[in-house]
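In: The following block contains a protein sequence and its predicted model.
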Amino acid sequence: MSDPIDRMLDAAESGKSIIKNRESLHYSYKPPIILHRESELEQVTQSLLPILKQSRPSNLLVYGKPGTGKTLVVRRVIDKIQERVEKSDFPIKLIYTNSKEETTLYGLLVSLGRQLGLGEEELPNTGLAISEVFKRLLTKIRNGKLNAIFVIDEIDYLAQLVAKTGKDILYQLTRANERLEEGGSLTLVGISNDLTFKEKLDPRVISSLGEEEVVFTNYDVEQIKKILQERINESFIENSVNEPALNLIAALAGGEHGDARRAIDLLRVAGELAERQQSDKVTVEHVREASQKIEENKEEKSLKSFPLHEKLVLIAIMKANGSSTGEIYSSYKNLCKIVGKDELTQRRITQMLSEIELSGLISGRLIHQGIHGRTKKYKLTISSEMIKKSFKDELTLQDII
DNA sequence: CATCCACAGGAATATGCGGCCC
DNA sequence: GGGCCGCATATTCCTGTGGATG
């Protein structure tokens, strides 16, 4: 019986591993593996085709849940067009931004401007009014007679930002062509996760942005299996993922939302686990373990992101497991005293408890105890070890867990 | 069968904070 | 850089609830 560490080191040295291409186990692997979206690829290409003939394509709106390949498809079409364009001398500019990567509307417009080729002296990083930035973008397009396509990913997020400020930038973007008579054009491609997001928009924006729509439906289990199979061929040495394991991944990821990204994450984690255990096959057990691990990571992440008082409440629930609001509250007050923080009112704590319940980390049950009144009893749906593990790095909480 | 417990949870209001506009 | 607005958090005050209990 050899030392497991030796075995691992031996394996690492010999370079033997069931995973042959680690890169391809990430969802947004390049070059992208086509995710069974032929008809959507075609639709997107069709919509953008006019630009190759120097005329303006329709604005385009792309919908779909996360992990349905929206972004991958759009990027692929854009890359292809870009290739064609580079061989010719059409003044076409394809620009991609993700709303979530920019915190403000200003930042987003500046990022668009940079990609258009506006330098810092023409477009400073701060100090301009939004309308001024916008004007400069248009001027650039007009002067260069550019045909620009702006791809805005997570456009629903941008729409939220815009709604807050009351600016109608989206409207202006969609109607920019009317201000560009003399030269150039601007086409908008919006990508949205939220299928209901359109309803929140100004109807004028909808009519111009939604000139064409492509809807990405969720993958079903069979499709996910095919996608996984392709990735497996690419990334594992032959016959190292057995059939039941593959089925289980597809069932786990497909059963929920048809999210290919999750399926591939699951495959990767299961593969890594199998590799670590020196197994020459990914089995159902590895998949189970991987699924659990991903679940736990999510729990830990969400636990860590709670504000201090929510954390205190969670610890209070842990200390008085399965107990009523009143008991949790006095336990919480004790904790506050120990860590030297002002306690919040019971009303706020009841509110917090129902907020935490929504996140699924605890579950509550209303019970009537006759003369002993009405209360709600809460208990953890996760293990108390999980809480301890997640909070142990926090200085204020160290004494009480 | 009225009473009354121990809270749930709604409404109005206060406080604090970050972004934006001059 | 001060004033303002919108939003999230927190407090105060309140009404409602269902069944054990006397």
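Out: Thanks, I have the structure now. Numbers count the residues shown, from 1 in each chain, chains lettered A, B, ... in the order given.
In: in the helix or strand harbouring A:Ala274, what's buried?
Out: Assigned by DSSP states H and E, A:Ala274 belongs to helix A:260-276. Neighbour counts over helix A:260-276 (16 or more other CB atoms under 10 Å) mark A:260-275 as buried. C-beta coordinates here come from the backbone N, C-alpha and C atoms, glycine included.
In: Same check on stretch A:228-237?
Out: A:Leu228, A:Arg231, A:Ile232, A:Ser235, A:Phe236.
In: Check stretch A:171-184 too.
Out: Buried, per 16+ other CB under 10 Å, within stretch A:171-184: A:Tyr171, A:Gln172, A:Leu173, A:Thr174, A:Arg175, A:Ala176, A:Asn177, A:Leu180, A:Gly184.
In: before we move on, what SS does A:Ala316 have?
Out: helix (DSSP: H, G, I helix; E, B strand; the rest coil).
In: how far away is it from DNA strand C?
Out: From A:Ala316 across to DNA strand C, the span is 15 Å (CB to the nearest atom of the strand, to the nearest Å).
In: Does that residue touch A:Ile328 like I think?
Out: Yes - counting by CB atoms under 8 Å, A:Ile328 is a contact partner of A:Ala316 at 5.1 Å.
In: Which one's more surrounded, the two?
Out: The neighbour count for A:Ala316 versus A:Ile328, taken as other CB atoms under 10 Å, is higher for A:Ile328 (28 against 24).
In: Tell me the confidence at the more buried one?
Out: pLDDT for A:Ile328: 92.
In: Skip the chain neighbours and tell me the closest residue to A:Asn193.
Out: A:Pro66 (5.6 Å; CB to CB, 6 or more residues apart in numbering).
In: Quick one: classify that neighbour as helix, strand or coil.
Out: coil.
In: Next up, the contacts around it.
Out: A:Pro66 makes contact with A:Asn193, A:His257, A:Asp259, A:Arg261, according to CB atoms under 8 Å, 6 or more residues apart in numbering.
In: what's the weakest-modelled helix or strand in chain A?
Out: helix A:155-165 (a mean of 66; mean pLDDT, DSSP states H and E).
In: A:Asn218 versus A:Leu246, what's the distance?
Out: Distance of A:Leu246 to A:Asn218, computed by CB to CB, to the nearest Å: 19 Å.
In: do A:Ser384 as well
Out: 36 Å.
In: give me phi/psi at A:Leu344?
Out: Main-chain torsions, A:Leu344, degrees, to the nearest 10: phi -90, psi 170.
In: Have a look at A:Leu246 and A:Asn218 and say which one is more surrounded.
Out: Legend: neighbour count by other CB under 10 Å for A:Leu246 and A:Asn218, higher for A:Leu246 (20 against 17).
In: got a pLDDT number for the more buried one?
Out: 90.
In: How about A:Val269?
Out: So, for A:Val269, pLDDT stands at 91.
In: and if you look at A:Pro32?
Out: Looking at A:Pro32, its pLDDT reads 60.
In: Nearest to DNA strand C: which residue in the stretch 301-401 of chain A?
Out: Closest residue of the stretch 301-401 of chain A to DNA strand C, CB to the nearest atom of the strand: A:Gly370 (1.7 Å).
In: So which residues make contact with the helix holding A:Ala274?
Out: So helix A:260-276 is contacted by A:8, A:17-19, A:25-27, A:35, A:66-69, A:219, A:224, A:227-228, A:231-232, A:235-236, A:240-241, A:245, A:249-250, A:252-254, A:256, A:281-283, A:286-287, A:289-291, A:293-294 (CB under 8 Å, 6+ apart).
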